[in-house]
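Trainee: sequence unavailable; structure follows:
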């Protein structure tokens with residue numbers, strides 16, 4: 001489950017890096033011919049001198065921490081990613097970097113893409129920056145599965161867009177191959193993967209293949225080393241920040257579209273500055289990730305993912321921005337369309353291997369042309385107004401955070417997991433925390449956690465929502481968390497993070513929940529099972545009861561004695577809506593359509609129907625009709641809950 005992340009490199013790690021940079025012995029490094037034999041020593045010295053005397057990592061860290069960063073785990077792999085939220089008027093967009101780049105490549109693109117309406121997700125590839133190291137080398141195809149898993153976690157089954165270059169192009173291409181139902185469109189600024197039988201034939205194609213082979217012979221020694229002996233290279237680089245800087249700086253100089261003198265020496269300072277280059281290099285050093293970043297090359301060899309099987313044709317609409325990369329010249333369109341369904345093609349006049357840094361406006365405009373017809377246009381006028389005002393990137397991120405609380409129903413209907421607010425007081429000693437919505441039976445439903453303060457002062461968290469440190473801090477200000485309650489299957493998935501935050505709290509399960517196979521196989525700990533009467537430690541504050549949910553599963557309702565407030569939670573499972581009783585469908589649809597956060601609400605067990613449903617609802621409403629809380633909706637008499645009111649007319 002995704003949770004907010006803040007970069008905070010320990011002082012000791014920074015001191016170790018700086019000491020090694022300062023102690024590097026330049027006297028032992030002869031010049032083998034400048035850029036003709038590797039990195040230019042003069043340019044490397046310029047970069048290292050800036051590193052030693054002027055570079056401020058803490059300033060860069062503060063700047064990066066203005067970005068909305070998160071950490072999650074997908075298929076057992078820790079992943080770091082940015083997630084800047086748009087207004088939901090366009091499809092989610094995944095931006096994928098390569099080697100030796102990082103997530104910061106896309107900084108200039110995030111704000112305008114968010115203004116267009118996209119949710120923009122920028123992960124660090126596994127083994128890069130703050131994403132954890134994989135257990136073993138993995139290639140682009142397996143990484144594509146992780147990226148698809150990340151987008152599924154964030155957006156459920158919504159289709160999304162992908163853009164990538166370098167490894168990002170290979171990963172995105174495999175995602176389009178393996179998940180064409182999920183990838184709505186693919187944008188590439190480098191074509192790395194083609195079908196095995198896509199053989200160059202025309203004179204133009206053959207000329208490209210000849211040039212590519214000639215360049216590969218001279219320029220891909222790094223790839224051979226990283227693809228065959230990454231471990232040996234890792235040993236050499238593990239203790240040498242200057243060595244890592246040289247290895248990476250060489251690629252920025254050789255692969256970028258920058259001015260060159262008659263000897264071929266690049267003037268990379270025309271495009272890049274020291275702060276940018278060093279921040280990118282530091283992302284390979286602070287977590288020791290340079291070593292594992294090279295594993296992608298080995299993983300490609302091991303999984304055989306360097307090309308698609310013969311006969312492959314990618315059906316996802318694909319756009320190609322053919323930048324004049326000096327080392328990896330783009331194939332002709334005729335060659336690429338043997339494998340891909342080309343929907344858009346642009347021959348660029350400027351820009352090399354790192355277009356998001358070299359020519360961000362050209363890349364942005366090309367992406368917009370491909371993605372223009374891939375989403376509804378609702379909300380675009382508002383987004384244009386933001387762009388025209390020239391709002392700075394960081395201001396726009398703040399603006400998008402506020403949009404989550406706006407009256408834009410389209411934005412609220414998207415599947416987002418981070419909590420939407422901190423605990424809000426509802427009644428004396430009762431608070432609510434809203435999160436969501438999640439996808440339940442094809443409906444977008446919010447989640448709500450209720451926080452009770454018991455008579456002895458302890459807190460009980462009922463129906464846990466997705467965890468975040470911010471919410472936990474706010475909860476801590478209310479009292480000591482002693483009890484976690486999972487009243488149904490909808491909430492057990494969020495318990496593990498809360499248990500780690502409050503290891504001494506007792507976790508209570510609804511009857512039958514511990515018997516569920518997916519629960520037994522999880523890492524969630526249940527200490528006790530709830531029954532028809534509340535445990536003695538909170539019996540003077542809460543009453544409770546059980547409503548049968550069917551299929552051997554039950555619902556738990558709570559009644560708060562001091563304020564006569566009833567909480568009835570719903571059973572949210574991935575059931576098909578047409579299999580639900582009619583009244584359940586009506587109430588679920590009504591509550592999904594009215595996601596205000598007011599005081600009175602009710603959640604119905606979705607399996608209930610017929611006479612049993614009537615009796616159960618009548619019984620709980622009769623306890624305190626003036627204090628029944630209607631989850632997901634507004635008070636009965638509000639316009640937004642008219643359908644919900646009609647549903648309860650069925651009771652009389």
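Mentor: Received it, and whenever you're ready, just let me know what you need. Source: prediction; values computed, not measured.
Trainee: could you give the number of residues near residue 218?
Mentor: By the criterion of other CB atoms under 10 Å, residue 218 has 9 neighbours. All C-beta spots, glycine's among them, are computed from the backbone N, C-alpha and C.
Trainee: equivalent analysis for residue 61, please.
Mentor: In terms of burial, residue 61 registers 17 neighbours under the definition other CB under 10 Å.
Trainee: which residue ranges of the stretch 1-150 of the chain form helices?
Mentor: In the stretch 1-150 of the chain, helices defined by DSSP state H, counting those that start in this stretch lie at 11-22, 41-53, 57-64, 107-116, 140-155, listed in chain order.
Trainee: list the buried ones in the fourth one?
Mentor: Judged by neighbour count using 16 or more other CB atoms under 10 Å, the buried positions of helix 107-116 are 107, 109, 110, 111, 112, 113, 114, 115, 116.
Trainee: with stretch 164-174 instead?
Mentor: Neighbour count says stretch 164-174 has 164, 165, 166, 167, 168, 169, 170, 171, 172, 173, 174 buried, by 16+ other CB under 10 Å.
Trainee: the first one against residue 95, yeah?
Mentor: Yes - using CB atoms under 8 Å, residue 164 is in contact with residue 95, at 7.3 Å.
Trainee: circling back: would JSON lines of the buried residues of stretch 164-174 with secondary structure, pLDDT and distance to residue 75 be doable?
Mentor: As requested, these are arranged in JSON lines below (DSSP: H, G, I helix; E, B strand; the rest coil; pLDDT from 0 to 100; distance: CB to CB, whole Å):
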{"residue": "164", "secondary structure": "strand", "pLDDT": "97", "distance to residue 75": "20"}
{"residue": "165", "secondary structure": "coil", "pLDDT": "95", "distance to residue 75": "24"}
{"residue": "166", "secondary structure": "coil", "pLDDT": "96", "distance to residue 75": "23"}
{"residue": "167", "secondary structure": "helix", "pLDDT": "97", "distance to residue 75": "18"}
{"residue": "168", "secondary structure": "helix", "pLDDT": "97", "distance to residue 75": "19"}
{"residue": "169", "secondary structure": "helix", "pLDDT": "98", "distance to residue 75": "22"}
{"residue": "170", "secondary structure": "helix", "pLDDT": "98", "distance to residue 75": "19"}
{"residue": "171", "secondary structure": "helix", "pLDDT": "98", "distance to residue 75": "14"}
{"residue": "172", "secondary structure": "helix", "pLDDT": "98", "distance to residue 75": "18"}
{"residue": "173", "secondary structure": "helix", "pLDDT": "98", "distance to residue 75": "20"}
{"residue": "174", "secondary structure": "helix", "pLDDT": "98", "distance to residue 75": "15"}
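Trainee: quick one: closest of the helices of the stretch 1-150 of the chain to residue 328.
Mentor: helix 140-155 (15.3 Å; CB to CB).
Trainee: hang on, the earlier thing: in the buried residues of helix 107-116, find the pair that's most separated.
Mentor: In those, two members sit farther apart than any others by CB to CB. They are 107 and 116, at 16.1 Å.
Trainee: hang on, isn't residue 328 packed against residue 189?
Mentor: No - taking CB under 8 Å as the definition, residue 328 is not a contact partner of residue 189, at 10.3 Å.
Trainee: between these two, which has more neighbouring residues?
Mentor: Neighbours per residue (other CB under 10 Å) separate residue 328 from residue 189, with residue 189 holding more: 31 against 21.
Trainee: just read off the phi/psi values of that one.
Mentor: In this entry, residue 189 is assigned phi and psi values of phi -110, psi 20 (degrees, to the nearest 10).
Trainee: one step back: now do the shared contacts for residue 164 and residue 95.
Mentor: Listed as contacting both residue 164 and residue 95 by CB atoms under 8 Å, 6 or more residues apart in numbering is no residue at all.
Trainee: so where's the stretch 351-500 of the chain shaky on pLDDT?
Mentor: The stretch 351-500 of the chain contains residues with pLDDT under 70 at 375-421, 435-447, 489-491.
Trainee: tell me where it has helices.
Mentor: In order along the chain, the stretch 351-500 of the chain carries the following helices (DSSP H, counting those that start in this stretch): 355-358, 360-371, 380-388, 393-403, 409-412, 469-476, 495-501.
Trainee: show me where the stretch 301-450 of the chain has its strands.
Mentor: Defined through DSSP state E, counting those that start in this stretch, the strands belonging to the stretch 301-450 of the chain, from first to last, are 314-322, 340-347, 424-427, 430-440, 443-453.
Trainee: format those strands as a markdown table; extra columns: distance to residue 195 and mean neighbour count.
Mentor: Listed next are the strands of the stretch 301-450 of the chain as a markdown table, based on distance: least, CB to CB, whole Å; neighbours: other CB atoms under 10 Å:
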| stretch | distance to residue 195 | mean neighbour count |
| --- | --- | --- |
| strand 314-322 | 9 | 22 |
| strand 340-347 | 9 | 17 |
| strand 424-427 | 55 | 15 |
| strand 430-440 | 35 | 21 |
| strand 443-453 | 39 | 21 |
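Trainee: export these as CSV, with columns for distance to residue 137.
Mentor: Putting the strands of the stretch 301-450 of the chain into CSV (distance: least, CB to CB, whole Å) gives the following:
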stretch, distance to residue 137
strand 314-322, 25
strand 340-347, 27
strand 424-427, 48
strand 430-440, 34
strand 443-453, 38
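Trainee: among these, which is nearest residue 225?
Mentor: Proximity to residue 225, assessed across the strands of the stretch 301-450 of the chain by CB to CB, is greatest for strand 314-322 (28.2 Å).
Trainee: which residues does the closest one contact?
Mentor: Residues contacting strand 314-322 (CB under 8 Å, 6+ apart): 173, 176-177, 180, 183-189, 191, 308, 330, 333, 336, 339-348, 355, 362-363, 366-367, 369-370, 374.
Trainee: stretch 271-284 too?
Mentor: Here stretch 271-284 makes contact (CB under 8 Å, 6+ apart) with 17, 46-47, 50-51, 54-55, 57, 60, 64, 100-105, 124, 128-130, 241, 244-245, 248-249, 252, 256-258, 289-290, 293, 357-358.
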